[in-house]
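Undergrad: Just the structure for this:
(2 chains)
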Number of protein chains: 2
Amino acid sequence: MSTLCVPSQVPPVSDDCEQLHKAFKGWGTNEGLIISILGHRNAAQRKVIQKTYAETYGEDLLKVLDKELSSDFERIVKLWALDPPVRDAQLANEATKRWTKSNQVLVEIACTRSSQDLLLAKQAYHALYKKSLEEDVAYHTTGDFRKLLVPLVSTYRYEGDEVNMTIAKSEAKILHQKIGEKAYTDDDLIRILATRSKTQINATLNHYKNEFGKDINKDLKADPKDEFLALLRSTIKCLNFPEKYFEKSLRLAINKTGTDEGALTRVVATRAEVDMKTIKECFEKRNTVPLDKAIVKDTTGDYEKMLLALIGHGDA
Amino acid sequence: MSTLCVPSQVPPVSDDCEQLHKAFKGWGTNEGLIISILGHRNAAQRKVIQKTYAETYGEDLLKVLDKELSSDFERIVKLWALDPPVRDAQLANEATKRWTKSNQVLVEIACTRSSQDLLLAKQAYHALYKKSLEEDVAYHTTGDFRKLLVPLVSTYRYEGDEVNMTIAKSEAKILHQKIGEKAYTDDDLIRILATRSKTQINATLNHYKNEFGKDINKDLKADPKDEFLALLRSTIKCLNFPEKYFEKSLRLAINKTGTDEGALTRVVATRAEVDMKTIKECFEKRNTVPLDKAIVKDTTGDYEKMLLALIGHGDA
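TA: Numbers count the residues shown, from 1 in each chain, chains lettered A, B, ... in the order given. Alright, predicted model coming up:
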């Protein structure tokens, strides 16, 4: 469920564009005005605003934002303003270029998006970068990480509700056996995670827990410092409990000394319109403090205001 | 270029349906009438016929064909009648179920279709089988074959004309080195074939030939009996010279003792509307006999007539 608050009476798009144009004009920028408009329009509305702005003022709104805003506020407004598939393509591209073993953005995009949304992101990737997401991931990663990441970003999963219990049982067994042997990069283990539908994987992991008495992710904690194991755990969380994965990302971002604005911005900008309501509930339950309070404590200024607008602060 | 001959004046779809209905009625089936209609309608027209037939007679045309026709003629009419993405999904599904190391159908579908057509086939696969092509391929194949086939069916390749010559050079070198070491299942070798755009692969293979003096497929013939090498060669042919790949499939199907009707039917039914004109030219050049003559020599009856109709016999 979305936390975005769109007013019941949305002004005509020409008014929105005029106001935005005003916000950029003269000395200084009116950040409050920008938040009051862009922070309260959904993806379809933002797309029309961008189109109309270009037609009316002959300028690309994203380029204007780039010129007029700065630092964390700039980043969140720009990410938010983007069409979601283009945003995912950009995030994935950054992740391939600055790839490190601890970078979980590719897993996040590959495993928390629906098949259709992942496909749209891949199409946006073609259009933006004149190459495929698959080839960039394959090119910029190596070894075990590549062995997991390439199939995850390549797959086009089935999304129906059908479950094959025979397969769930046999594949739970395979997973348990391979993890027992510490064969974490086993072909079958990766095949199961990369190709089965999310519903099927859920059934397999339920059976795993019933049959072997432990969550699979507990068994994947043999070495807490192993970055490949961390990525495997994230894969499973993203596939099975995306809201828990995002809650943890927010928790780590906020609790980090100095705050990880990159992660905070990314999670809020990409989830506000999707499942931020559930993520907020998870967050409060896990941290005993509501997400908005944690954000107020950790951030300031226009950046803070934009984050709060997107997570629906004051409109719960 | 297509070899399908659609009359300049196509009768109304209701007439087509009425004629087909007549062809099935009473004692015996009027195969000639079926050929004269279905053998001369394009994919969009066949789709409308199927829809109208169901609405008019309350019967699924494909089920009627199944009931009324038999053997090779049945197979080609049914395959041909299908919407191309559904046809590809069915062919791929059969290939996973009856998978053997010499079965090249999966490579053929993964590598000769455009990204969009492969995607449509994967969507049809979801709808028909309530699972993904990726998971079936991964489940039914093993070892080296799986390592190549899963990425090939999963990928969503970029289709633009851009070529990066630096990459072409460095990857030609990688390919040459790995093949020299007989490391045919090397991660990089598979990555290049499975993720790069066809245009980029073409540039890489041209550079390979210029730099190392031989076609890559010559270097992949170290052991002519090795089925994995045969699959690698087919992959490269399908990506780079699909018409040559199909010419060879037809040649082997026709020259085989007893004819391989399965392959002959598949190639004609899937390529008639795509590039059969080029395939026919290749065939004649390579075999000194035109394809229609070879077909007449090797097949009989309604099956022969349907094949000839689809390859545009007499309308060259």
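Undergrad: and residue A:273, how far is that from chain B?
TA: Counting by Cβ to the nearest Cβ, to the nearest Å, the gap from residue A:273 to chain B is 24 Å. C-beta here means a position set from N, CA and C on the backbone, and glycine is covered the same way.
Undergrad: Can you give me the pLDDT of the residue in the stretch 201-316 of chain A positioned nearest to chain B?
TA: Relative to chain B, the nearest point of the stretch 201-316 of chain A is residue A:201 (10.5 Å; Cβ to the nearest Cβ). On pLDDT, residue A:201 comes in at 97.
Undergrad: burial measure for it, as a count.
TA: Residues lying near residue A:201 (other Cβ atoms under 10 Å in any protein chain shown) number 23.
Undergrad: what residues are up against it?
TA: A:192, A:193, A:236, A:239, A:240 (Cβ atoms under 8 Å, 6 or more residues apart in numbering or on different chains).
Undergrad: swap in residue A:227?
TA: A:101, A:102.
Undergrad: Can you list the buried residues in whichever helix or strand residue A:145 is part of?
TA: Counting by DSSP states H and E, the element that carries residue A:145 is helix A:143-154. The neighbour-count check on helix A:143-154 (16 or more other Cβ atoms under 10 Å in any protein chain shown) flags A:144, A:145, A:146, A:147, A:148, A:149, A:150, A:151, A:152, A:153, A:154 as buried.
Undergrad: List the contacts of the following helix or strand past it.
TA: The helix or strand immediately downstream of helix A:143-154 is helix A:165-180, counting by DSSP H and E. Helix A:165-180 is contacted from outside by A:184, A:186, A:188-189, A:192, A:196, A:200, A:203-208, A:211-212, A:216, A:219-220, using Cβ under 8 Å, 6+ apart.
Undergrad: Same question for stretch A:249-262.
TA: Contacts of stretch A:249-262 (Cβ under 8 Å, 6+ apart): A:72, A:75, A:104, A:108, A:263-264, A:267, A:279, A:283, A:286-287, A:291, A:294-295, A:298-299, A:303.
Undergrad: Return the distance of it from the chain's centre.
TA: Centroid separation for stretch A:249-262 versus its chain: 15 Å, with Cα atoms, centre = their mean, to the nearest Å.
Undergrad: Tell me which entries of the contacts of helix A:165-180 lie within helices.
TA: A:188-189, A:192, A:200, A:203-208, A:211-212, A:216, A:219 (DSSP state H).
Undergrad: rewinding a little: among the buried residues of helix A:143-154, which one lies nearest to residue A:121?
TA: Of all the buried residues of helix A:143-154, residue A:153 has the smallest distance to residue A:121: 9.3 Å, by Cβ to Cβ.
Undergrad: For residue A:125, see how far away that closest one is.
TA: Distance of residue A:153 to residue A:125, given as Cβ to Cβ, to the nearest Å: 10 Å.
Undergrad: Which secondary structure element is home to residue A:14?
TA: helix A:13-24.
Undergrad: Poorly predicted segments of chain A, please.
TA: Applying pLDDT under 70 to chain A picks out residues A:314-316.
Undergrad: what's the distance between the residue nearest to residue A:83 when sequence neighbours are not counted and residue A:15?
TA: Nearest non-adjacent residue to residue A:83, counting by Cβ to Cβ, 6 or more residues apart in numbering or on different chains: residue A:47, 5.7 Å away. Distance, residue A:47 to residue A:15, using Cβ to Cβ: 17 Å.
Undergrad: who's more crowded, those two?
TA: Just comparing residue A:47 and residue A:15: by other Cβ under 10 Å the higher neighbour count belongs to residue A:47, 16 against 11.
Undergrad: Report all helices and strands that the helix or strand encompassing that one contacts.
TA: For residue A:47, the host element (DSSP H and E) is helix A:43-57. When contacts are defined as 3 or more Cβ pairs under 8 Å, 6 or more residues apart in numbering or on different chains; DSSP states H and E, helix A:43-57 packs onto helix A:13-24, helix A:31-38, helix A:61-68, helix A:71-81.
Undergrad: which one of those lies closest to chain B?
TA: helix A:61-68 (22.6 Å).
Undergrad: Identify the residues contacting residue A:283.
TA: A:247, A:250, A:251, A:290, A:291, A:294.
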